[in-house]
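> Following is a predicted model, sequence given first.
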Amino acid sequence: MTWDSLYSSAFEGIRKSIEKVGGVLLAYNTNIDAIRYLDPKDLEERVEKAGKEEVFRYSEELPKKITSVQHLLGGILWSVRRGKAAELYVESCPVRFYMKGWGWDELRMGGQVGIMANLLGGVYNVPVIAHVPQLSRLQAELFKDGPIYVPKLENGELKLVHPKEFQADEENCIHYIYEFPRGFRVFDFEAPRENRFIASADDYNPNVYIRPEFKEAFEEIAGKVELAIISGLQALTEENYREPMETIRGHLEVLNEKGIPAHLEFAFTPDEKVREEILKLLPHFWSVGLNEVELASIMEVLGEKVIAEKLLAHDPVDPVAVTEAMLKLAEKTGVRRIHFHTYGYYLALTEYRGKFVRDALLFAALAAAAKAKLGDVSSIDDVVKAMDVPVNEKARAVEEKLVAEYGMKDGIAEVNGYQLAFIPTKIVAKPKSTVGIGDTISSSAFVGEFALR
Ligand SMILES: Nc1ncnc2c1ncn2[C@@H]1O[C@H](COP(=O)(O)OP(=O)(O)O)[C@@H](O)[C@H]1O
Ligand SMILES: [Mg+2]
């Protein structure tokens with residue numbers, strides 16, 4: 001079998017069956033991404049006005065958080081000089097007001113829940129119930145039409161409405177994204193590569209604020225779905241994790257009692273204590289999705305330093321090291337499915353067997369390539385437009401290694417009592433957008449797998 005024919009039949013299979021999926025709960029993070037494409041002259045003027053000396057100081061060493069305009073501009077210069085991304089929390093109201101006045105060129109749906117709601121509900125037509133921490137008018141407008149719902153309590157009675165019909169005047173959670181291209185010049189600095197600096201004016205997501213509807217009526221909400229995808233725990237810190245983690249543990253218990261498989265979409269979690277706590281929650285999840293950096297960071301808290309280093313040593317990542325790491329994680333936590341994604345290939349380690357696991361990965365890779373190629377995918381038929389994107393050349397060596405090590409055939413092998421599924425992905429050379437690709441991959445694969453059952 002060629003990979004292209006496997007791709008086509010996987011897509012056809014899932015297109016026919018995905019609308020059967022009865023409902024997916026998505027929690028906990030959505031926000032508004034406000035994108036500003038930096039202009040060198042405008043930036044220089046702002047720096048001069050704020051005081052060049054002080055601003056430059058913060059471009060040498062990032063402040064911990066933003067409490068002044070000098071911090072903000074210094075942070076932006078810090079990113080430009082290094083071509084590196086950074087994200088800081090904006091504590092001060094005047095700075096938030098300053099950023100609002102500076103404005104944006106584009107507004108986009110942000111947060112894993114927001115992105116997955118628009119994909120699953122708005123594109124695949126799978127009903128979703130989303131936890132939206134704050135539903136402002138601006139936030140509501142970023143939801144696509146389709147079967148996307150938020151719970152509303154009216155005199156203690158639970159109703160499901162589209163976010164645009166929720167009509168509560170809640171706060172804006174805005175992540176200001178300052179983007180610059182490669183070669184961007186300000187003062188004597190030149191950006192070695194394109195990147196962005198993010199300043200978050202968001203008091204809800206960093207604390208994983210959980211809405212009253214989800215505290216009071218979670219059982220009833222969970223009764224309306226077949227699957228759940230959890231994300232957004234990455235910004236928690238040692239100081240604030242306890243209360244939300246407690247609520248989330250309760251939610252997972254309800255989902256487990258009802259037999260609803262839950263997927264955790266990992267994201268890089270800088271706080272080690274929080275990473276440990278997330279690891280403790282994993283036994284309550286059916287499935288987890290992550291990339292190489294995230295897998296390495298988990299190996300570190302498990303005390304597996306050698307594997308962690310191996311995961312970051314090669315490009316593309318050594319698939320045998322990934323498999324070893326996934327086995328450790330599965331054995332340690334009992335999680336039934338681990339979906340690993342990296343640039344060029346995906347692997348899924350599952351406690352159960354079947355080609356549908358691999359086929360769901362193929363569907364996800366096609367969806368990811370469509371998103372990269374088109375920028376926005378507006379219907380499931382757009383996904384197939386990525387069929388002509390070539391399969392990654394470098395993945396051939398990865399596949400050969402898996403064949404040699406585990407006797408893999410057509411992307412499927414048996415390893416230590418688990419099934420290992422592999423696929424080479426389609427890589428778009430000049431992507432229109434790479435925001436939210438990871439979320440597209442993981443939610444498409446998880447929901448796609450259940451569609452094929
Ligand atoms: N140009 C591209 N074409 C297809 N897939 C891509 C492209 N660039 C990145 N990807 C995929 O997107 C994934 C990004 O996911 P992740 O690392 O979790 O980041 P995020 O969650 O921020 O999107 C990569 O692992 C890779 O598989
Ligand atoms: Mg990701």
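Arrived safely, thanks for sending. Since the structure is predicted, the reported quantities are computational estimates derived from the model, not experimental observations. Residues are numbered from 1 along each chain as shown. Ligands and ions are numbered 1, 2, ... in the order given.

> Assign F422 to helix, strand or coil.
State at F422, reduced to three classes by DSSP: H, G, I helix; E, B strand; the rest coil: strand.

> in the sheet, who's paired with it?
Bridge pairing for F422 (DSSP bridges) gives the partners L347.

> Look up how far A330 lies from it.
Taken as CB to CB, to the nearest Å, the spacing of F422 relative to A330 amounts to 16 Å. Where C-beta positions appear, they are placed from N, C-alpha and C, glycine not excepted.

> Which one of those two is surrounded by more residues?
Regarding F422 and A330, a neighbour count based on other CB atoms under 10 Å identifies F422 as having more, with 26 against 21.

> my read: the more buried one touches A365, true?
No. Counting by CB atoms under 8 Å, F422 sits too far from A365 to count as a contact (11.3 Å).

> what sits in contact with each of those two?
Overlap of the contact sets of F422 and A365 (by CB atoms under 8 Å, 6 or more residues apart in numbering) consists of Y346.

> Report how many residues lie close to whichever residue of the stretch 201-350 of the chain sits closest to ligand 1.
Ranking the residues of the stretch 201-350 of the chain by distance to ligand 1 (CB to the nearest ligand atom) places N291 first, at 3.7 Å. The burial metric for N291, expressed as a neighbour count using other CB under 10 Å, is 19.

> H341 is in contact with that one, correct?
Yes. Under the contact definition of CB under 8 Å, N291 touches H341, with a separation of 5.7 Å.

> Please enumerate the shared neighbours of the two.
G438.

> Flag every buried residue along the helix ranked longest in the chain.
The single longest helix within the chain, with elements called by DSSP state H, is helix 355-374. Using 16 or more other CB atoms under 10 Å as the burial criterion, the residues of helix 355-374 that qualify are 355-374.

> quick one: it near ligand 1?
Yes. Helix 355-374 reaches ligand 1 (CB under 6 Å from any ligand atom) through 368-369, 372.

> Check stretch 164-181 too.
No. Using CB under 6 Å from any ligand atom, we find that stretch 164-181 stays clear of ligand 1, coming within 12.8 Å at best.

> roughly how far is that stretch from the heart of the chain?
Computed by CA atoms, centre = their mean, to the nearest Å, the chain-centroid distance of stretch 164-181 equals 17 Å.

> So Y89 belongs to a strand, correct?
Yes. With three-state DSSP as the criterion, Y89 is part of a strand.

> And for it, nearest residue in space, chain neighbours not counted?
By the measure of CB to CB, 6 or more residues apart in numbering, the closest residue to Y89 outside its immediate chain neighbours is K65, 4.7 Å from it.

> Roughly how far does the one you found sit from ligand 1?
22 Å (CB to the nearest ligand atom, to the nearest Å).

> From D39, how far out is that residue?
Following CB to CB, the distance that separates K65 from D39 is 26 Å.

> Count the neighbours of the residue in the stretch 1-150 of the chain that ligand 1 sits nearest to for me.
Here the stretch 1-150 of the chain gets closest to ligand 1 at one residue, Q112, 7.7 Å apart by CB to the nearest ligand atom. The number of residues packed near Q112 is 25, by other CB under 10 Å.
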